[in-house]
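Trainee: Structure of the sequence below:
(one chain, ligands or ions: 2)
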Amino acid sequence: MLGAGSLGGLWAARLYGAGLPVCLILRDQVRLAAYQEASGLSLTSAERAVSLPIPACTLADAPPIRRLLLACKAYDAVPAALDLKPYVQTGADVLLLQNGLGSQHAVASVLDHAHCLAVSSTEGAFRRSAFHIQAAGAGQNWIGALTHHESPPSWLEELDAANIPNAWTDDIATRLWRKLALNCAINPLTVLHDCTNGQLATSTDELEPVCAELSVLLNANGVPGTPEDLLAETQRVITATAHNLSSMLQDVRAARRTEIAYLLGYACTDAQRRHLALPALQNLHERLRHHLAVRGLPVD
Ligand SMILES: NC(=O)C1=CN([C@@H]2O[C@H](COP(=O)(O)OP(=O)(O)OC[C@H]3O[C@@H](n4cnc5c(N)ncnc54)[C@H](OP(=O)(O)O)[C@@H]3O)[C@@H](O)[C@H]2O)C=CC1
Ligand SMILES: CC(C)(CO)C(=O)C(=O)O
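Mentor: Ligands and ions are numbered 1, 2, ... in the order given. This next block holds a predicted model:
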């Protein structure tokens, strides 16, 4: 497992708890020493904390990799894949757990000797501290092949055994696009208004044109649905997550890099490539880039 953060930690804890072999690949010797100092990974879920001495190493000491979960942020995925390349065996299964779009195919072309699958997750988790993960919301992990139609791998049973919610899909692209659309509609506006998801409930005038254009983009990418469907789904998610701060707003408040390039950035680039004029989306992207730039944060 590379990416022992919120979601990677959540997966690792459950695999380890089920007695399955798992090894965390940490960034360097400094991170490894900090991990050992913390006596491993802690997971808090439903107010219960467990401490798990999951084996960890750096890449230099990693065994040959036959199955990997890559659970870092989208902007870290290609650099990590370049480092991983010599250690990943031919035909190894690599699960790419990144939000948005763009990083998955880029990683698959770096790891072109491996079998890359994408994961679209609606689970929630955050880091209380470096190696203390807090589970923060039940969800699903949709898993599917990036390019070809194929049968679900038999090792999904191991995820079941570890109580990792999972479902195979023959159309992971649709899952990733739908989630990207929701994140493009909700996250930037929460950043620009510095508000909870729920406070967007009254922003229909801003959400409507953005959802209408995102719907055009989804359709152009073979994802069915009407603008009204997308607006209704966006409003449903806003209500269901009313008290949440979006992941992007959390990043901005913590002065961390955001995944803008793989969400709104990807959407706007794809629209340009298809010669689609989507002015509301373009305007939202520019406002968000400006907002990040004045705070000294990367705009891509
Ligand atoms: N958290 C959530 O609730 C959800 C997250 N997602 C998506 O999942 C993906 C992962 O997010 P999340 O788990 O929150 O991210 P985190 O920032 O919590 O964790 C990412 C981890 O990747 C590690 N990492 C990055 N590069 C390397 C490297 N080269 N070598 C070793 N470790 C590395 C980081 O290490 P270090 O600490 O050393 O920097 C960190 O531990 C994102 O795309 C996110 O959008 C999707 C749904 C929900
Ligand atoms: C669905 C939503 C908007 C929930 O907060 C999310 O996925 C995020 O914050 O990134």
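Trainee: Poorly predicted segments of the stretch 201-300 of the chain, please.
Mentor: Flagging of the stretch 201-300 of the chain using pLDDT under 70 yields an empty set of residue ranges.
Trainee: Which positions in it make contact with ligand 1?
Mentor: The interface of the stretch 201-300 of the chain toward ligand 1, taken as C-beta under 6 Å from any ligand atom, is made up of S247, E259. C-betas here are computed from N, CA, C, even on glycine.
Trainee: what are the ranges of the helices in the chain?
Mentor: Ranges of helices within the chain are 6-17, 29-37, 74-84, 103-110, 156-161, 172-193, 204-220, 227-240, 247-253, 264-273, 279-294, based on DSSP state H.
Trainee: pLDDT averaged over the fourth one, what's the number?
Mentor: On average, the pLDDT along helix 103-110 is 98.
Trainee: related to what we said a few turns ago, may I see the helices of the chain organised as a markdown table, with distance to P53 and mean neighbour count added?
Mentor: Output for the helices of the chain, formatted as a markdown table (distance: least, C-beta to C-beta, whole Å; neighbours: other C-beta atoms under 10 Å):
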| stretch | distance to P53 | mean neighbour count |
| --- | --- | --- |
| helix 6-17 | 8 | 23 |
| helix 29-37 | 9 | 13 |
| helix 74-84 | 24 | 19 |
| helix 103-110 | 29 | 19 |
| helix 156-161 | 20 | 14 |
| helix 172-193 | 34 | 22 |
| helix 204-220 | 44 | 19 |
| helix 227-240 | 36 | 17 |
| helix 247-253 | 29 | 20 |
| helix 264-273 | 39 | 19 |
| helix 279-294 | 39 | 16 |
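Trainee: what's the burial count for the one residue in the chain that gets nearest to ligand 1?
Mentor: Distances between the chain and ligand 1 by C-beta to the nearest ligand atom are smallest at G5, namely 1.7 Å. The number of residues packed near G5 is 17, by other C-beta atoms under 10 Å.
Trainee: got it, and T90?
Mentor: 8.
Trainee: isn't it right next to H115, touching?
Mentor: No: taking C-beta atoms under 8 Å as the definition, T90 is not a contact partner of H115, at 9.4 Å.
Trainee: So for Q134, which of the helices of the chain sits nearest?
Mentor: Across the helices of the chain, Q134 has its closest neighbour in helix 6-17 (8.0 Å, C-beta to C-beta).
Trainee: quick check, distance from the closest one to the centre of its chain.
Mentor: Distance, stretch centre to chain centre, for helix 6-17: 15 Å (C-alpha atoms, centre = their mean, to the nearest Å).
Trainee: What helices and strands are in contact with it?
Mentor: With contacts taken as 3 or more C-beta pairs under 8 Å, 6 or more residues apart in numbering; DSSP states H and E, helix 6-17 sits against strand 41-45, strand 48-52, strand 88-97, strand 125-129, strand 132-135.
Trainee: Now with 7 Å, please.
Mentor: Applying 3 or more C-beta pairs under 7 Å, 6 or more residues apart in numbering; DSSP states H and E, we find helix 6-17 packed against strand 41-45, strand 48-52, strand 125-129, strand 132-135.
Trainee: which residues touch the nearest residue in space to N183 that is not next to it in sequence?
Mentor: Excluding the flanking residues, the one nearest N183 by C-beta to C-beta, 6 or more residues apart in numbering is L263, at 5.0 Å. Contacts were defined as C-beta atoms under 7 Å, 6 or more residues apart in numbering; by that measure L263 touches G100, L180, N183, C184, N187.
Trainee: can I see the domain layout of this protein?
Mentor: Domain assignment for the chain by automatic domain parsing gives 6-170, 174-294.
Trainee: now the helices of the chain in TSV, with distance to R128?
Mentor: Shown next, in TSV, are the helices of the chain (distance: least, C-beta to C-beta, whole Å):
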stretch	distance to R128
helix 6-17	10
helix 29-37	15
helix 74-84	21
helix 103-110	26
helix 156-161	25
helix 172-193	22
helix 204-220	32
helix 227-240	23
helix 247-253	13
helix 264-273	29
helix 279-294	26
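Trainee: And these: which comes nearest S129?
Mentor: With C-beta to C-beta as the measure, helix 29-37 is the member of these nearest S129 (10.1 Å).
Trainee: when you scan the closest one, is anything in it near ligand 1?
Mentor: Yes: counting by C-beta under 6 Å from any ligand atom, ligand 1 is contacted by helix 29-37 at R31.
Trainee: Report the distance from that helix to the chain centre.
Mentor: Relative to where its chain is centred, helix 29-37 has its mean C-alpha point 25 Å off (C-alpha atoms, centre = their mean).
Trainee: where's the residue nearest to N183 relative to A280, distance?
Mentor: Using C-beta to C-beta, to the nearest Å, we find L263 at a distance of 15 Å from A280.
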